[in-house]
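Enquirer: Show me the folded form of this:
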Amino acid sequence: MNATTELARFVIETRWADIAPALRHEAKRSLLNFFGGALGVAHDPAVSTAIAVMQPFSGPDHVTVIGRNERLDAMAASFVNTVAANLLDFDDTHQATIIHPTAPVVPPVLALAERHGFSGAEVLHAFILGAEVECRVGLAVSPMHYARGWHITSTCGVFGAAAACARLLGLTVEQTAAALGIAASQSAGLVANLATSAKNVGMGNAARNGLLSAIFAHSSYSAADDALEGKLGWARAMGDKPDLDALTGQLGTRWEFATNTYKPYPSGIVFHAVIEAALALRDQLHPEPGAIAALEVRGSQLLLDRGDRPTRTARDARVSIAHNVAVALVRGRAGVPEFEDAAVADPEVALARAVVSAQVDDSLPQGAAAVTLRLVDGRTATVRVDEASGGPARPLSDMALEAKFSSNDPSVHANRRMALVWNLEDAADVHALMSAMAEQPL
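Expert: As a prediction, this is how the structure comes out:
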């Protein structure tokens, strides 16, 4: 059996009873994080623009756009809801690949469930399977796929969306393999565009094109049997020789999705150790912004590849080493306001950014960082953080995720919305959930 077919068989033949309670709960944690992020930016110009672009071409069979009164067809809503969930860079992360599993997979699943009346358990099941496929595909081509410039959430998210939608639509194994093959021809997204709105398009297309792939397969469109792993297939075209054990080894017993993590800060996860080192230095030395002579950051090559860039806009800030360390040191926090345009323009933050330098330190593991603060009076201190909060060694609790949700959704509806997510497994359908997630008066 080739790897593409093996993944398809896993998606179609895995039963809900095979999904352990802990994994089901992880899916609900991911959903809570997803909805909070989308609600927090529901009226951001990027979301409003995406709606305005999609609406004239949207068909009549409408579903919910999170946090909005507008309704769009399943394709357009999948696009917009994915953009919203990913916009703050506050979404979940599979740290082995740096994939954000939920944003490209859940929106098309919810759209199909809203249209066809699937139960909460069916939604969770499809989501878990799709996210697992997405992470497995990413793991099979890591780290060279990302290093070559492919935005791995967009490129692999389309496979997760296709797999999840194939499960909900009741496709056969052969049709699901075809859906994955069709998705392989629609996989795109560039690291070069991460600080621009082109990233939104790549993310939105991953969700929309995954749904489209499953629908085409359901309508008898076909694809190569080995479209994922073959000699001229996706993995070799967009990376090196794929790791087939990472792709299909121990399917159903070793769950990559079980290692999903959640961000306490709305920036790229590779910067979180930098933030926490800067916060610790602030507590140690209590520097005034004008007293900072130098900020030296050391970390992995990935850290520099991702974040050694100038900071001009809020989008830059979320993927900038200099802004992450400077804003944490100057303001003593790193929440959503610290990555908005006002913080980028803050003269004290800009002054600190100007003295930041970064270099590779191969002695530090990926995800770790060391920050040295030098003051004009000669005082110097260094803090190294190997495991930032939110990572596998220091996971966010359910209570912390609820607090994060509430910070993004300060409305009176937050508690009911959270309860609907936690109880989704027992829901007959998703209509109450999606109705609650649409815009409502405060």
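Enquirer: list the contacts for E13?
Expert: V173 (CB atoms under 8 Å, 6 or more residues apart in numbering). From N, CA and C alone the C-beta is placed, and that goes for glycine too.
Enquirer: how far away is it from A178?
Expert: 16 Å (CB to CB, to the nearest Å).
Enquirer: wouldn't Q440 be in contact with H413 here?
Expert: Yes. Counting by CB atoms under 8 Å, H413 is a contact partner of Q440 at 5.6 Å.
Enquirer: next one: phi and psi at the residue lying closest to E387 once chain neighbours are set aside?
Expert: Nearest residue to E387, sequence neighbours excluded (CB to CB, 6 or more residues apart in numbering): A393, at 4.2 Å. Main-chain torsions, A393, degrees, to the nearest 10: phi -80, psi -20.
Enquirer: ok, how many other residues are close to A393?
Expert: Other residues lying near A393 total 11 when counted by other CB atoms under 10 Å.
Enquirer: any idea how this structure splits into domains?
Expert: 3-264+395-437, 269-385 (automatic domain parsing).
Enquirer: Let's see the distance spanning the longest one from one end to the other.
Expert: Put plainly, it is domain 3-264+395-437. End-to-end distance of domain 3-264+395-437 (CA to CA, to the nearest Å): 38 Å.
Enquirer: tell me the secondary structure for P337?
Expert: Assigned state for P337: helix (three-state reduction, DSSP: H, G, I helix; E, B strand; the rest coil).
Enquirer: ok, it to P266 distance?
Expert: Taking CB to CB, one finds P337 at 10 Å from P266.
Enquirer: so what's the residue nearest the centre of the chain up against?
Expert: For the chain, the residue nearest the mean C-alpha position is H100 (2.5 Å; CA atoms, centre = their mean). Taking CB under 8 Å, 6+ apart, we find H100 in contact with 86, 91-94, 153, 157.
Enquirer: can you tell me which two in those are farthest apart?
Expert: Spatial extent of these (CB to CB) is set by the pair N86 and H94 at 14.0 Å.
Enquirer: Show me where the stretch 51-200 of the chain has its helices.
Expert: Counting by DSSP state H, counting those that start in this stretch, the stretch 51-200 of the chain has helices at residues 74-87, 102-116, 120-141, 144-147, 152-169, 173-184, 198-218.
Enquirer: Those helices into CSV, with extra columns for distance to G239?
Expert: Below are the helices of the stretch 51-200 of the chain laid out as CSV (distance: least, CB to CB, whole Å):
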stretch, distance to G239
helix 74-87, 22
helix 102-116, 19
helix 120-141, 4
helix 144-147, 4
helix 152-169, 10
helix 173-184, 12
helix 198-218, 17
